[in-house]
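Q: have a look at this prediction, sequence included:
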Amino acid sequence: MSPYAMSMLLSSLSTGTIITLTSMHWFLAWIGLEINTLAMVPLMSKMQHPRATEAATKYFLTQASASALLMFAAATNAWYTGEWTIMNMQTTTPSLMLMIALMIKLAVAPFHMWLPDVIQGLDLMTCLILSTWQKLAPFALLIQVYPELNSTLMTLMGMLSIIVGGWGGLNQPQIRKMMAYSSIAHLGWMIIVITYSNSLMMLNLLIYLIMTSSMFLMAMNLTSTNINKAAISWTKNLPLMSTMMIVLMALGGLPPTSGFLPKWLILEEIVKQNMTLIATIAALSTMLSLFFYLRLSYTISLTTSPTTTNSKMMWRLKMNTDKVVPTTIIMSTMLLPLTPTILNLF
């Protein structure tokens, strides 16, 4: 793809998200979401591959359906209240339609089936954008309207997302699908806690963005897209592969990594809300996610794939000048001691 076309699409992507983040009117928010979607489709189909075309088509149809439902919810709300402002969603039917539309856009269970198939057909950079940047605009709308949404239904969808995200990744040999189910599970934690603590949801979203960015950037650096390629990637860059195992543990929520911080605080909050059963199910479902992270770590560290080379390390290594990867790795693994400071900021 031409650099000029790429810069235009990325600019449109960021513009659409910023429009949605700053809007107070439903029509303006809808325009931002549409610009975002239309800029994302060419980025998905740039590989000129049938899987990429299929992924772009599925993404477009899903997002168009969600945007239509969101616009219908906003119009119905305007019919009832006479206002198009985002903060005024006090009737049941528009609130329910809006919640379903946002859950489809975020790929929260039971509206999650499009995400693994779409991510599998994309290159790693587009997967990174879809898993991180594309979550910001729907979450911005969700933060503004969550007091009017059905908290019980959101809690049930969050629990279902955690369970589905854990079960779905168990048999996945593809790293991209594994990260898709990881995204579904992490979104479940955010959806559960948003009605009780907005700041905890934002903290979880921030740490999720950092850990997911770190994982995809390392996979891009090592050109690893499945478990078999990851098993031989330690010959390319041994320190980076060693660090990848720690980041995988952070994604699973093991202490003392940064991934333990939001899960610990969210479990504490929902126990305070007398939701002990839900906290127990969420904690046990995290074990499922941790299993497929551990399986990938085991394959990377404790198995040696068949190789025709005599040496254990490649004799010619490219120098890595990327400054983003070390920063995201450090933030993914070392934020736990800063918990009091982070909580004060939020």
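A: Looks like it arrived, so ask away. Numbers count the residues shown, from 1 in each chain.
Q: buried residues in stretch 254-263?
A: Across stretch 254-263, burial judged by 16 or more other C-beta atoms under 10 Å covers 254, 257-263. To be clear about C-beta, it is placed using only N, CA and C from the backbone, and glycine gets the same treatment.
Q: for stretch 281-300, same thing?
A: Buried residues in stretch 281-300 (16+ other C-beta under 10 Å): 282, 285-286, 288-290, 292-297, 300.
Q: I'd like the average pLDDT over it.
A: Averaging pLDDT along stretch 281-300 yields 88.
Q: got it, and stretch 137-147?
A: Rounded mean pLDDT across stretch 137-147 is 89.
Q: go on, stretch 217-227?
A: 86.
Q: give me the buried positions along it.
A: Those would be 217-222, 224-225, 227, for stretch 217-227 by 16+ other C-beta under 10 Å.
Q: quick one: end-to-end distance for that stretch.
A: With C-alpha to C-alpha, to the nearest Å as the measure, the ends of stretch 217-227 fall 16 Å from one another.
Q: run the chain-centre distance for that stretch.
A: In this view, stretch 217-227 has its centroid 17 Å away from the chain centroid, taken as C-alpha atoms, centre = their mean, to the nearest Å.
Q: Met47: which of the buried residues of stretch 281-300 is nearest?
A: Nearest to Met47 among those is Leu296, at 24.4 Å by C-beta to C-beta.
Q: show me the helices in the stretch 201-346 of the chain, by range?
A: 227-232, 238-252, 260-272, 276-302, 324-333, 339-345 (DSSP state H, counting those that start in this stretch).
Q: quick one, which of those is nearest to Leu9?
A: Closest among these, once you apply C-beta to C-beta, is helix 324-333, at 20.1 Å.
Q: okay, the angle between the closest one and helix 238-252?
A: Helix 324-333 runs at 40 degrees relative to helix 238-252, counting by axes from the mean of the first three to the mean of the last three C-alpha atoms, to 10 degrees.
Q: which helices and strands does helix 324-333 pack with?
A: If you count contacts as 3 or more C-beta pairs under 8 Å, 6 or more residues apart in numbering; DSSP states H and E, helix 324-333 packs onto helix 198-222, helix 238-252.
Q: flag the shaky bits of this structure, pLDDT-wise.
A: Along the chain, segments meeting pLDDT under 70 span 303-322, 346.
Q: next helix or strand past the longest helix along it?
A: In the chain, assigned by DSSP state H, the helix with the most residues is helix 50-81. For helix 50-81, the succeeding helix or strand toward the C-terminus, using DSSP states H and E, is helix 92-106.
Q: please report how far the residue nearest to Met215 when sequence neighbours are not counted lies from Ile330.
A: Closest residue to Met215 apart from its sequence neighbours, by C-beta to C-beta, 6 or more residues apart in numbering: Val247 at 5.7 Å. Here the distance between Val247 and Ile330 works out to 10 Å (C-beta to C-beta, to the nearest Å).
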